[in-house]
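>>> predicted model, plus sequence, below.
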Amino acid sequence: MASNNELIASRAEAVIPGGLLSPSRRLGSPIAFARADGPYLYDADGTRYTDYHCAFGANVLGHRNPAISRAIARVGESLDLVGAGVLELEVEVAELLVKAIPCADQVAFCSSGSEATYHALRLARAYTGRKQIIKFQGGYHGWHDYVAMNGQSSRQMIDAFDPMSDGILYDAARYTKILPYNDATAVEEYIRANPGEVAAVIIEPIAHNMGAVVAQNQFLRDLRRITSENGVILIFDEVITGFRHALGGYQSIVGITPDLATFGKAATSGYPIGLVAGRRDIMERVGRTGEGAVFMGGTFNGTPSSMAAVKATVQELSKPGVYDRLFDFGSYLRKQIDEIIARHGIRAQTAGFGSVWLVYFFEGEFKEYADLLRNDNELDMRFRRALITGRQIFQPLQLKRLYLSLSHDQTVLDDTLELIDATMADLARSAAA
């Protein structure tokens, strides 16, 4: 007899393309989730899983955080979608964000991180009057044609146009130049060789879309200098780093201020949001009509439920010790895993920052995507599949990052570490056989 998971998955395949809302949601076996609470997910058959996926990192507070739930319930008593005029709640949230984010003189809201990066690039092109943008190999900035290329490329495709999807319009994508991460010389040489052509440099200040490759501080300082000297807009894509590592994003940690920054995911701890923050002289173009205006419309921009979730999330993350706890648990988990790796003699290492973690299955330093091509993808996938079988949820794709939330406590982590220890032991035994 089929399980509830299998029955729901079968129904999904009939009416949803591929049976999932995105191929990146595939877990390797049919799992239909029915309930979420704190660090746990429960499937349609009542099985409990520990969640290290955290909705691609959005759930920084944990599932169904009471403060978020209360805030959304309260706003629902007086407001639903209006779509005209301005709401005091929108103003309150914008004021909180302007105070928290170093680059933010003003903020504009949308509904997803991909929308935010799309709008930021459009703003940069409008402000500079230029067409080209620079992104980095291994980075992901959303689904749109300007940037949906050269993510986890093969070695042969690193220096080639490597679109992430069929149907991408090359006439749009050809204005995007791909360069190696942490290489300021390559950026400076390209901009100087193409004077007056580059509108923006967009970068994840921690490249979490290839695990956790941290931008060297000097690299970011050089980017700030190079872009300023050449009239190029520097955009920090903080859709992952923002709110998860600090309220003000990674820019507030490293002390380097971009011209524009994009946020999403953890800003609401689980509700739809995207936003662009930046300098007033750039952002004010969104508020204009006529010549020089940049259109940034959207029926669901500033939805009251999402605004209430942002406000409550900021309030929760502003409490004393919150980020210390996230960072401490991340450090604890990585340290314990490194000890397990050493004990079993596996060629691997942990990586991460704050509450983001993963295991790379190679040894040695890494500072750009090409370094990650040393990863033993077979071992990586065996590790991930074993943990999913052991009821730990995250993406079964090599090099993909994992997350913690504030609801993950010592007991949760230690239970996972026992499974990781047993899994590494199995990998070591099979390698020796």
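Cool, got the structure.
>>> buried sites along stretch 423-433?
Residues 423, 424, 427 are the ones in stretch 423-433 that count as buried (16 or more other Cβ atoms under 10 Å). Quick note: C-beta positions are derived from backbone N, CA and C, even for glycine.
>>> neighbouring contacts of the stretch of helix or strand the second one belongs to?
Yep, that's residue 424 we're talking about. Under the criterion of DSSP states H and E, residue 424 resides in helix 410-432. Applying Cβ atoms under 8 Å, 6 or more residues apart in numbering, the external contacts of helix 410-432 come out as 39, 50, 52, 329, 332-333, 336-337, 340-341, 343-346, 379, 382-383, 386-387, 390, 392, 404.
>>> buried subset of the residues you listed?
Among the contacts of helix 410-432, those scoring as buried are 39, 50, 52, 329, 333, 336-337, 340-341, 344, 346, 379, 382-383, 386-387, 390, 392, 404 (criterion: 16+ other Cβ under 10 Å).
>>> how far does stretch 40-58 stretch from start to finish?
End-to-end distance for stretch 40-58: 15 Å, by Cα to Cα, to the nearest Å.
>>> residues in contact with it?
Stretch 40-58 is contacted by residues 3-5, 7-8, 31-36, 39, 59-60, 63, 208, 240, 244, 264-266, 268-270, 356, 391-395, 401-405, 408, 412, 415-416 when judged by Cβ under 8 Å, 6+ apart.
>>> quick one: buried ones out of those residues?
Buried among those by 16+ other Cβ under 10 Å: 5, 8, 31-33, 36, 39, 59-60, 63, 208, 240, 244, 264-266, 268-270, 356, 391-395, 401-405, 408, 412, 416.
>>> now the helices for the protein?
For the chain, the helices defined by DSSP state H cover 4-15, 66-76, 88-100, 113-128, 170-173, 184-193, 217-229, 250-254, 280-283, 304-317, 322-344, 369-372, 377-389, 410-432.
>>> what's the fourth one packed up against?
Secondary-structure packing of helix 113-128 (3 or more Cβ pairs under 8 Å, 6 or more residues apart in numbering; DSSP states H and E): strand 106-110, strand 132-136, strand 198-203, strand 233-237, strand 260-264, strand 274-278, helix 280-283.
>>> circling back to that earlier point, can you tell me which of the contacts of stretch 40-58 are in strands?
Among the contacts of stretch 40-58, the ones falling in strands (DSSP state E) are 33, 34, 35, 36, 264, 356, 392, 393, 402, 403.
>>> out of the residues you listed, what pair is the most spread apart?
Farthest-apart pair in the ones in strands among the contacts of stretch 40-58 is 34 and 356; separation 27.1 Å (Cβ to Cβ).
>>> if we can go back for a sec, and of the helices and strands packed on helix 113-128, who's closest to residue 156?
Among these, strand 132-136 sits nearest to residue 156 (Cβ to Cβ), with 18.3 Å.
>>> that closest one pairs with which strands?
In the sheet, strand 132-136 lines up against strand 176-179 (parallel), strand 198-203 (parallel) (DSSP bridges).
>>> closest one to residue 185 among the ones you listed?
strand 176-179 (9.8 Å).
>>> which residues sit against that closest one?
Contacts for strand 176-179 (Cβ under 8 Å, 6+ apart): 132-137, 146-147, 149-150, 159, 186-187, 190, 198.
>>> repeat for stretch 277-286
97-98, 101, 103-108, 119-120, 123-124, 126-127, 233, 258-263, 276, 292-294, 296.
>>> for ChimeraX, write the selection for the buried entries among those residues.
A single ChimeraX command selects the buried members of the contacts of stretch 277-286 (16+ other Cβ under 10 Å):
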select :97,101,103,104,106,107,108,119,120,123,124,126,127,233,258,259,260,261,262,263,276,294,296
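>>> would you confirm that residue 299 contacts residue 83?
Yes. Counting by Cβ atoms under 8 Å, residue 299 touches residue 83, with 5.8 Å between them.
>>> let me see the contact set for residue 363.
Taking Cβ under 8 Å, 6+ apart, one finds 347, 348, 349 in contact with residue 363.
>>> okay, now residue 83: neighbour count?
Using other Cβ atoms under 10 Å, the number of residues around residue 83 comes to 10.
>>> what pLDDT is listed against it?
On pLDDT, residue 83 comes in at 81.
>>> and it, how far from residue 8?
Using Cβ to Cβ, to the nearest Å, residue 83 is found at 34 Å from residue 8.
>>> that older thread, which one of the helices and strands packed on helix 113-128 lies nearest to residue 250?
So among the helices and strands packed on helix 113-128, strand 233-237 is nearest, using Cβ to Cβ, at 7.1 Å.
>>> got the angle for the closest one vs strand 198-203?
20 degrees (axes from the mean of the first three to the mean of the last three Cα atoms, to 10 degrees).
>>> just the CA trace of strand 233-237, in CSV.
The C-alpha coordinates for strand 233-237 follow below in CSV (Å, rounded to 0.1, in the frame of the first residue of the first chain):
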residue,chain,number,x,y,z
ILE,A,233,27.9,50.9,-9.2
LEU,A,234,29.0,48.4,-6.6
ILE,A,235,26.1,46.0,-5.6
PHE,A,236,26.3,43.6,-2.7
ASP,A,237,23.9,40.8,-3.2
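>>> adjacent strands (with direction) for it?
Going by DSSP bridges, the partners of strand 233-237 are strand 198-203 (parallel), strand 260-264 (parallel).
>>> got JSON lines for those, with distance to residue 23 and mean pLDDT too?
JSON lines is the format used below for the strands paired with strand 233-237 (distance: least, Cβ to Cβ, whole Å; pLDDT from 0 to 100):
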{"stretch": "strand 198-203", "distance to residue 23": "24", "mean pLDDT": "98"}
{"stretch": "strand 260-264", "distance to residue 23": "20", "mean pLDDT": "98"}
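>>> any chance of JSON lines for the ones you listed, columns distance to residue 71?
Formatted as JSON lines, those follow (distance: least, Cβ to Cβ, whole Å):
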{"stretch": "strand 198-203", "distance to residue 71": "32"}
{"stretch": "strand 260-264", "distance to residue 71": "18"}
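>>> between the helices and strands packed on helix 113-128, which gets nearest to residue 372?
strand 132-136 (12.8 Å).
>>> same question for that closest one: list its buried residues.
132, 133, 134, 135, 136.
>>> same check, this time on stretch 187-197
187, 188, 190, 191, 197.
>>> try stretch 285-293
285, 286.
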